[in-house]
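>>> I need the structure of the sequence given here:
(one chain, ligands or ions: 2)
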Amino acid sequence: MTDRSVTVEAPAKVNLSLLVTGRRPDGYHLLDSLVAFAGVGDTLTASPGLGLTLSVDGPTAASLPEGENIVLKAARLLAEAAGRPADATLHLTKRLPVAAGIGGGSADAAATLTALIRLWGLDLPAERLHALALSIGADVPVCLAGRPTRMEGVGEVLTPAPALPPAWLVLVNPLMPLSTPAVFKARTAGFSEPAPLTEAPADARALAVALAARRNDLTPPAIALLPVIGEMLALIAAQPDCLLARMSGSGATCFGLFATEAAARAAAAALTACQPGWWVAPAPLLG
Ligand SMILES: C[C@@](CO)(OP(=O)(O)O)[C@H](O)COP(=O)(O)OP(=O)(O)OC[C@H]1O[C@@H](n2ccc(N)nc2=O)[C@H](O)[C@@H]1O
Ligand SMILES: Nc1ncnc2c1ncn2[C@@H]1O[C@H](COP(=O)(O)OP(=O)(O)O)[C@@H](O)[C@H]1O
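Numbering: from 1, shown residues only. Ligands and ions are numbered 1, 2, ... in the order given. Purely as a prediction, here's the structure:
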């Protein structure tokens, strides 16, 4: 690391609701999702260097599969778009479970773009950056936005969501990866009507009520593929003061919504005591 290093956090993406509203001719599903971020995630540091290198550490680094890390793909595509060499020394501290429905890879890619734009002093037009992010992955544009957002299309249509109230989440993952294409493929239900959040909920309880009127349409197929998700949801919902229990993205990570840090931390401790093999992370909902 040098004085010129740029460090960017890559927070977990949480689909507070996720409706499948249709299907494109190419097979991709159209979504209407309220996406927010949690105060837990990976960290990306970019430093000056000759050539492009990436080192990775952190508690979940070992579960990254062989093959190109999405961080390198993001760096190469950004350099290409800027017409400059991809010279940087990147370091990723991986804390989020992989292939977990909380967009760890997408958040890492977005953090890489943000860090390298600063390191390389680039001034890319917003539309160009949006298109570049989308070419890396459907969830990368929303991770680049990094604030509560209504996400439509397959991730390309973004509208700022109403402000979210102070609240806490407990993220829970069984440390079993779940394949996104498999979950979409296992869907048997029809399509949902879009249901945007139109008013800012006054508090965490009002947010829970608003979310309860929506769903995550990918939950039934995810449970069919990985029944432990059903157990996780029941256990989270049974925690004192849990306002809502829901799955994020295509799973398997689920979250509980709580009004206070104390309630979230108590629930996280109880969940860990009961299932020591699960990844359990209490974190604030980022507004
Ligand atoms: C479901 C969401 C919701 O935020 O999150 P995650 O569960 O990945 O975190 C995303 O839309 C995940 O988008 P993305 O990250 O591009 O999915 P990938 O892992 O690349 O999976 C791609 C495959 O999943 C299916 N797929 C994905 C997205 C979508 N809107 N419709 C689809 O049908 C397609 O079969 C596609 O080939
Ligand atoms: N830095 C990274 N972090 C996580 N996954 C990565 C990364 N680079 C590449 N991948 C690949 O991206 C896939 C999707 O990962 P991830 O974003 O964690 O899941 P999800 O899309 O379910 O939220 C993983 O299965 C892995 O093969």
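>>> is whichever strand or helix holds residue 35 positioned near ligand 1?
Using DSSP states H and E, residue 35 sits in strand 29-47. Yes. Interface with ligand 1: strand 29-47 contributes 29, 31, 33 (CB under 6 Å from any ligand atom). For glycine as for every other residue, the C-beta is placed from the backbone atoms N, C-alpha and C.
>>> do the same with stretch 220-230
No. Stretch 220-230 is not in contact with ligand 1 by CB under 6 Å from any ligand atom; minimum separation 9.0 Å.
>>> now the end-to-end length of that stretch.
From the first residue to the last, stretch 220-230 extends over 9 Å; the measure is CA to CA, to the nearest Å.
>>> contact partners of that stretch?
Here stretch 220-230 makes contact (CB atoms under 8 Å, 6 or more residues apart in numbering) with 174, 176, 178, 182-189, 219, 247, 250-252, 254.
>>> any of the residues of strand 29-47 next to ligand 1 buried? List them.
Applying a neighbour-count criterion of 16 or more other CB atoms under 10 Å, the buried members of the residues of strand 29-47 next to ligand 1 are 31, 33.
>>> next, the angle from the following helix or strand past the strand holding residue 35 to strand 29-47.
Reading on from strand 29-47 to the C-terminus, the next helix or strand found by DSSP H and E is strand 52-57. If you take axes from the mean of the first three to the mean of the last three CA atoms, to 10 degrees, strand 52-57 sits at 100 degrees to strand 29-47.
>>> how far off centre is strand 52-57?
Mean-position distance between strand 52-57 and its chain equals 21 Å (CA atoms, centre = their mean, to the nearest Å).
>>> give me the contacts around that strand.
64, 69, 71-72, 75-76, 79, 86-94.
>>> what sits up against whichever helix or strand comes after that strand?
With elements assigned by DSSP H and E, the helix or strand that comes after strand 52-57 is helix 70-82. Applying CB under 8 Å, 6+ apart, the contact partners of helix 70-82 are 44, 52, 54, 85-88, 90, 92, 105-106, 108-110, 112-113, 116-117, 120, 122, 124, 128, 132, 135-137, 140.
>>> buried residues, helix 70-82. List them.
Result for helix 70-82 [16+ other CB under 10 Å]: buried residues 70-75, 77-79, 81-82.
>>> now it - C-alpha only, CSV.
What follows is helix 70-82, C-alpha atoms only, in CSV (Å, rounded to 0.1, in the frame of the first residue of the first chain):
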residue,chain,number,x,y,z
ILE,A,70,-14.8,-10.3,-11.2
VAL,A,71,-12.5,-7.6,-9.8
LEU,A,72,-10.0,-8.2,-12.6
LYS,A,73,-12.7,-8.2,-15.2
ALA,A,74,-13.9,-4.8,-13.9
ALA,A,75,-10.4,-3.3,-14.0
ARG,A,76,-9.7,-4.6,-17.5
LEU,A,77,-13.0,-3.3,-18.9
LEU,A,78,-12.5,0.1,-17.2
ALA,A,79,-9.0,0.5,-18.6
GLU,A,80,-10.2,-0.5,-22.1
ALA,A,81,-13.0,2.1,-21.9
ALA,A,82,-10.6,4.8,-20.8
